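S.K.: Build the 3D model from these lines:
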Amino acid sequence: RTEFLYLNREDLPGEEEQFQAYKEVLEAMAPREVVIRTLDVGGDKELPYLGLAKESNPFLGYRAIRVCLDRPEMFKTQLRALLRASVYGKLGIMFPMISSLEEVRRAKGMLAQVREELVSEGVAVSEEVEVGIMIEIPAAAVMSDVLAREVDFFSIGTNDLIQYTTAVDRLNGKIASLYTPYHPAVLRLVRQVIENGHKFGIWVGMCGEAAGDQALIPLLLGMGLDEFSMSAISVLESRELLGRLNYAEAQARVTEVLALGTAAEVKEALKKF
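M.R.: This is a model prediction of the structure:
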């Protein structure tokens, strides 16, 4: 989550500062892959020095990949730092808040341009950098069969996918009860994304609180989710649970659960997994 490099300061982090941060992480985790998400600001993450205007609907506004594509020099600085660091481990680059094929192609185009510039400067760059996108907008989930042909992996961002699918502001306490990962529409979109990803030979992960939800993990496993990304506090318990589950049995229950009509029914059915 690279926005932490940009927060609590008065100006943008430079290429060298970012390079050192990414290099340190990649070296520490090698030979395991590290997926680094490009800058995701706006919404509830403000950077005063960027001069982002106040918006009536910030979660639907000028944020994440939209900001980066609109400010190419800022974006290219981050991409240069990432590619320079790529030779120190196994790097995956992930673009957030994708809503269209055009955005994917523009972001990939800028990445390719930066790669060419670095190579022409004699800078070493890894040839094995995976490029993926976050699926957190319903439009991307519905178009996931098309998007899967353009990238190496998907990561389903459930926190935003839930609020965008159900039109529930996850920060609004008055409607907090309507914000649920058990909503059948959300779960159907998740299954669609996983199936489309696998159809075109890419792996599908999930980041967001749902990936560490003990009740949901058996269902997600049955859907074929390849990677569960969660807060550190949930890892041991979730790993132990996954070790006890039978994939074939979990797979056999998916259709039954997704045929249910309410979040309450889904939650009750998951207790029997």
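
S.K.: For the rest of this, base every contact and every neighbour count on C-alpha atoms.
M.R.: Will do.

S.K.: Residues touching the lengthiest helix in the chain, excluding its own?
M.R.: Of all the segments assigned as helix in the chain under DSSP state H, the longest by residue count is helix 101-120. By C-alpha atoms under 8 Å, 6 or more residues apart in numbering, the surrounding residues in contact with helix 101-120 are 65, 69, 76, 79-80, 83-84, 95, 98, 124-125, 133, 146-147, 150.

S.K.: Okay, now the unreliable bits of the stretch 1-150 of the chain?
M.R.: Applying pLDDT under 70 to the stretch 1-150 of the chain flags residues 43-44.

S.K.: can you count the residues close to residue 154?
M.R.: As a burial measure, residue 154 scores 26 neighbours (other C-alpha atoms under 10 Å).

S.K.: try residue 82
M.R.: If you count neighbours by other C-alpha under 10 Å, residue 82 ends up with 26.

S.K.: picking up where we left off before, let me know the angle separating the helix or strand that the longest helix of the chain is followed by from helix 101-120.
M.R.: Per DSSP states H and E, the first helix or strand lying C-terminal to helix 101-120 is strand 130-135. Here the directions of strand 130-135 and helix 101-120 differ by 150 degrees (axes from the mean of the first three to the mean of the last three C-alpha atoms, to 10 degrees).

S.K.: beta partners for the residue positioned nearest the centre of the chain?
M.R.: Closest to where the C-alpha atoms of the chain average out (C-alpha atoms, centre = their mean) is residue 134, at 3.5 Å. Beta bridges link residue 134 to residue 155, judged by DSSP bridges.

S.K.: you'd agree it is up against residue 159?
M.R.: No: contact criterion C-alpha atoms under 8 Å: residue 134 and residue 159 do not qualify, at 11.4 Å.

S.K.: how about the strands in this protein?
M.R.: Using DSSP state E, the strands found in the chain span residues 33-37, 90-95, 130-135, 153-157, 203-207, 227-229.

S.K.: for those strands, which one ends up most surrounded?
M.R.: Across the strands of the chain, the average number of neighbours (mean count of other C-alpha atoms under 10 Å) peaks for strand 153-157, which reaches a mean of 26.

S.K.: now for that one, which elements pack on it?
M.R.: Judged by 3 or more C-alpha pairs under 8 Å, 6 or more residues apart in numbering; DSSP states H and E, strand 153-157 is in contact with strand 130-135, helix 184-199, strand 203-207.

S.K.: Tabulate the ones you listed (JSON lines), appending distance to residue 8.
M.R.: Listed next are those as JSON lines, based on distance: least, C-alpha to C-alpha, whole Å:
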{"stretch": "strand 130-135", "distance to residue 8": "25"}
{"stretch": "helix 184-199", "distance to residue 8": "34"}
{"stretch": "strand 203-207", "distance to residue 8": "24"}
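
S.K.: so which of these gets nearest residue 253?
M.R.: Shortest distance between residue 253 and the helices and strands packed on strand 153-157, using C-alpha to C-alpha, is found for helix 184-199: 12.8 Å.

S.K.: That closest one - what's its average pLDDT?
M.R.: On average, the pLDDT along helix 184-199 is 98.

S.K.: For that helix, which outside residues touch it?
M.R.: For helix 184-199, contacts defined as C-alpha under 8 Å, 6+ apart pick out 138, 141-142, 144-145, 148, 153-154, 156, 161-162, 165-166, 181, 203-204, 223-225, 258-263, 266.

S.K.: Tell me which stretches of the stretch 151-273 of the chain form helices.
M.R.: Ranges of helices in the stretch 151-273 of the chain, per DSSP state H, counting those that start in this stretch, are 158-166, 184-199, 217-223, 235-244, 247-258, 263-270.

S.K.: Next, the buried residues of the fourth one.
M.R.: Of the residues in helix 235-244, residue 238 count as buried by neighbour count, 16 or more other C-alpha atoms under 10 Å.

S.K.: what packs against it?
M.R.: Under the contact rule (3+ C-alpha pairs under 8 Å, 6+ apart), helix 235-244 is packed against helix 217-223.

S.K.: Now do the helix it packs on: everything it contacts.
M.R.: With C-alpha under 8 Å, 6+ apart as the test, helix 217-223 has contacts from 191, 194-195, 211, 238, 242, 245, 247-254, 270, 273.

S.K.: With stretch 3-12 instead?
M.R.: Contact partners of stretch 3-12, identified using C-alpha under 8 Å, 6+ apart, comprise 13, 18, 38-41, 46-49.
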